[in-house]
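**Student:** what follows is a predicted protein model with its sequence.
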Amino acid sequence: MVSTERKISGSHLERLAVVYLRQSTLAQVRFNIRSTERQYALADEAARLGWERERIVVVDGDLGLSGRDAQAREGYKELVGRVCLGEVGAIFGLEVSRLARSNADLQRLLELCTLTDTLVVDADGIYDLQSFNDRLLLGLKAQMSEAELHIIASRLQGAKRAAAERGELRFPLPVGYRYDQDGQTIIDPDEEIQAAIADLFRAFERTGSAYGVVGAFEGRRFPKRAYGGAWAGELRWGALTHGRVLGVLANPCYAGAYVFGRYRSRRVVSPDGSIKTKTVELRRSEWAVLIRDHHPGYISWESYLANEQRVRSNDTRGGLRPPREGGALCQGIVHCGGCGRSMSTLHRPAGSYYDCSRSRADHVSTPGCRSVKAAVVDELVARRLLEAVAPEEIALALAAADEVADRRGRASRALELRVERARYEAVRAERAFHACEPDNRLVARSLETRWEQKLRELAEAEAELAGHAAPAPEPSREQIEALARDLPALWAADSTSDKDRKRLLRALIGDITITSQPSGRELRVGIRWRSGATEPQTLQRPTTVNDTRRTPAAVLELITRLGPSSTNEELLTELNGAGLRTGTGRPFDLKTLRWLRCQYKIPSPPSWLPQEGELTVDQVAERLGISHGAVYYWISHGQLAARRGPANRLYIPFGPDIEQDCRERVANSIHIPAETKMAAAGGAV
């Protein structure tokens with residue numbers, strides 16, 4: 001028999017001896033000190049086998065890290081890198097399974113050791129991976145290590161599951177609960193803690209949102225149980241946060257329910273190839289154990305389900321549109337009839353508007369995507385809502401609610417009978433499977449397949465029953481009766497907030513669709529009621545400020561008809577005599593009349609032409625070859641006479657003497673260029 005030490009050759013001793021240390025958790029590093037010492041002592045074993053001290057490397061960077069994920073262990077990656085480079089002569093460890101808990105990772109490392117002629121040394125001996133017997137032995141040890149982990153985990157999980165099904169598995173309780181001396185779950189006797197938890201649920205019932213609960217607890221401390229660290233198990237006090245409110249509302253323990261298996265750890269592969277463990281929350285139908293009325297609760301199970309539904313309906317990230325603050329009554333339930341998308345609500349100083357801004361942002365808007373003043377639509381919808389809850393309509397609604405409740409009860413009973421039958425068939429298939437001889441695999445496989453099929457049918461029936469038992473979106477009879485008690489007075493009361501009005505509206509109305517024409521003032525409003533009925537309505541857009549201040553059509557018609565043949569004074573007499581007013585309600589004056597002539601291009605009468613011997617400013621400037629500014633300068637300084645005629649125009653008496661005087665003034669001026677003087681003098685100066 002060959003000695004194991006004779007497997008060590010000179011080439012192995014010339015390379016490094018790597019001592020790899022690993023313990024799965026920080027608790028093992030802290031409390032299992034002897035195991036750590038034994039692993040460090042492997043360096044002395046390497047020296048005894050012939051390696052020089054300077055060739056012995058201790059890799060201890062993975063202490064406290066699990067062996068499941070090789071990507072997260074820097075020490076393990078360093079070990080693999082050194083092996084691939086051929087720097088390692090031997091790897092030392094207490095046992096081969098300590099190198100990696102994943103059999104795939106371990107086999108990959110052993111394959112690299114085979115290629116680079118690297119030995120593996122543990123407490124049982126020295127293994128040369130180029131030897132078939134040693135490679136076979138290490139493979140068996142790796143498989144046994146993985147099987148050992150599976151068996152241990154199965155036993156532990158089975159024991160936990162059995163204890164949980166009895167409601168006896170103990171785990172950290174949320175704040176507000178504690179275990180008594182007999183191990184029973186009781187409400188914390190601290191009255192301050194009880195009051196804080198109870199006030200949280202009352203605040204959520206009053207405000208309807210986790211954000212509102214945080215606001216209600218502003219300036220007030222809230223209890224918190226510390227898990228882990230120096231304050232493990234102790235009660236701490238601090239400010240209430242939004243995430244904490246959501247956690248309390250989602251915890252079924254506060255409803256007196258014992259739950260096991262709400263969360264599950266799953267290993268996922270990230271894009272960079274690393275393996276990470278994530279904790280995900282399971283649906284209620286996937287919970288392993290659910291025992292209702294296990295211990296005293298702060299709220300009932302029905303209240304817990306209602307709170308859960310309310311929190312889910314407040315999730316705007318999921319595309320929901322819960323009632324919000326603001327005066328726009330239909331906010332969140334109004335849609336555009338042009339593009340079919342939800343309309344946003346814009347709050348401006350002049351009032352709120354329903355606007356199809358999302359379609360414009362995505363460049364999918366249609367000509368019918370227009371803004372609508374919220375007050376116009378809200379007034380129509382509110383009026384139809386109050387008319388719909390008249391006494392005769394209330395009677396029909398109550399009858400419909402009774403019918404819906406009766407139909408839901410019959411459907412629930414049918415589902416309960418279906419679950420009972422599926423459970424019986426699953427138990428019967430299980431008995432048939434256990435009664436089969438284990439050696440008769442042909443029959444056993446068929447019975448096992450049948451049993452699994454019955455279990456799937458049972459799970460589907462239970463899931464359908466659980467979904468049917470969830471709170472229905474339709475309003476209950478109590479809600480309808482509450483609406484019937486003098487709804488108009490309740491609607492107009494100052495104590496009713498905008499959010500409350502929106503809740504009342506949504507109890508009966510599903511959504512609103514607004515269809516607008518590309519031009520014109522007509523709007524078509526479609527109301528879809530909770531009952532499924534639809535109701536079209538038509539209304540007119542309100543006039544804008546420009547429309548209300550626009551000049552009346554009768555005024556424009558009169559000015560257009562009489563303007564070309566009448567002076568401004570004659571038009572003023574005609575307009576004011578007929579009692580016509582401007583768009584702002586004032587009488588007409590010359591300034592307003594001149595602006596209308598200019599704006600609508602209404603010509604002046606022929607009497608506005610200059611009299612005999614008179615020229616306009618343009619004509620004088622053209623005859624003298626000078627600019628208009630020079631003519632205006634002479635007039636303003638009294639050097640040239642002029643009269644102001646209709647339409648505020650200037651007319652200049654321009655006889656031969658005045659013309660000669662103007663030409664001399666041009667010739668003697670030092671401000672007028674020489675070319676202009678020559679033109680004014682007829683070609684010579």
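**Tutor:** It's in.
**Student:** quick one, helices of the stretch 1-150 of the chain?
**Tutor:** Listed in chain order, the helices found in the stretch 1-150 of the chain under DSSP state H, counting those that start in this stretch are 10-14, 26-31, 33-40, 42-48, 74-84, 103-116, 132-165.
**Student:** chain center to the fifth one, what's the gap?
**Tutor:** For helix 74-84, the distance from its own C-alpha centre to the chain's C-alpha centre is 44 Å (Cα atoms, centre = their mean, to the nearest Å).
**Student:** same thing with the third one?
**Tutor:** A distance of 51 Å separates the C-alpha centroid of helix 33-40 from that of its chain, computed with Cα atoms, centre = their mean.
**Student:** cool, and the second one?
**Tutor:** Here helix 26-31 is found 42 Å from its chain centre; the criterion is Cα atoms, centre = their mean.
**Student:** mean pLDDT lowest for which of the helices of the stretch 1-150 of the chain?
**Tutor:** Set side by side, the helices of the stretch 1-150 of the chain give their lowest mean pLDDT on helix 26-31, at a mean of 80.
**Student:** contact partners of that one?
**Tutor:** Judged by Cβ atoms under 8 Å, 6 or more residues apart in numbering, the contacts made with helix 26-31 from elsewhere in the structure are 23, 35-36, 63-64. In short, each C-beta sits where N, CA and C put it, glycine included.
**Student:** of those, just the buried ones, ChimeraX syntax please.
**Tutor:** Written as a ChimeraX command, the selection of buried residues from the contacts of helix 26-31, which uses 16 or more other Cβ atoms under 10 Å, is:
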select :23,36,63
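**Student:** determine which two of the contacts of helix 26-31 are furthest apart.
**Tutor:** Of all pairs drawn from the contacts of helix 26-31, the greatest distance, 12.4 Å, lies between 35 and 64 (Cβ to Cβ).
**Student:** between the two, what contacts are shared?
**Tutor:** Here residue 35 and residue 64 share the contacting residues 23, 28, scored by Cβ under 8 Å, 6+ apart.
**Student:** mind putting the contacts of helix 26-31 into a markdown table with distance to residue 513?
**Tutor:** Written out in a markdown table, the entries for those read as follows (distance: Cβ to Cβ, whole Å):
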| residue | distance to residue 513 |
| --- | --- |
| 23 | 65 |
| 35 | 71 |
| 36 | 71 |
| 63 | 65 |
| 64 | 61 |
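**Student:** how near is residue 423 to residue 435?
**Tutor:** Separation of residue 423 from residue 435 (Cβ to Cβ, to the nearest Å): 19 Å.
**Student:** out of the two, which sits in the busier spot?
**Tutor:** Under the neighbour definition other Cβ atoms under 10 Å, residue 423 and residue 435 were set side by side, and residue 423 has more, 16 against 8.
**Student:** tell me how far the more buried one lies from residue 668.
**Tutor:** The span separating residue 423 from residue 668 equals 123 Å under the rule Cβ to Cβ.
**Student:** residue 62 now?
**Tutor:** Distance from residue 62 to residue 668, counting by Cβ to Cβ: 108 Å.
**Student:** list of residues touching stretch 592-599?
**Tutor:** The set of residues that contact stretch 592-599 without belonging to it, under Cβ under 8 Å, 6+ apart, is 551, 555-556, 559, 563, 568, 571-572, 575, 582, 586, 602, 604, 647-648.
**Student:** so where's the stretch 501-650 of the chain shaky on pLDDT?
**Tutor:** Counting by pLDDT under 70, the stretch 501-650 of the chain contains low-confidence residues at 544-548, 606-611, 646-647.
**Student:** and if you look at the stretch 251-400 of the chain?
**Tutor:** Using pLDDT under 70 as the threshold, the predicted model of the stretch 251-400 of the chain has low-confidence ranges 273-275, 317-321, 390-400.
**Student:** so where do the helices sit in it?
**Tutor:** Assigned by DSSP H, counting those that start in this stretch, the stretch 251-400 of the chain shows helices spanning 301-313, 357-361, 374-388, 391-435.
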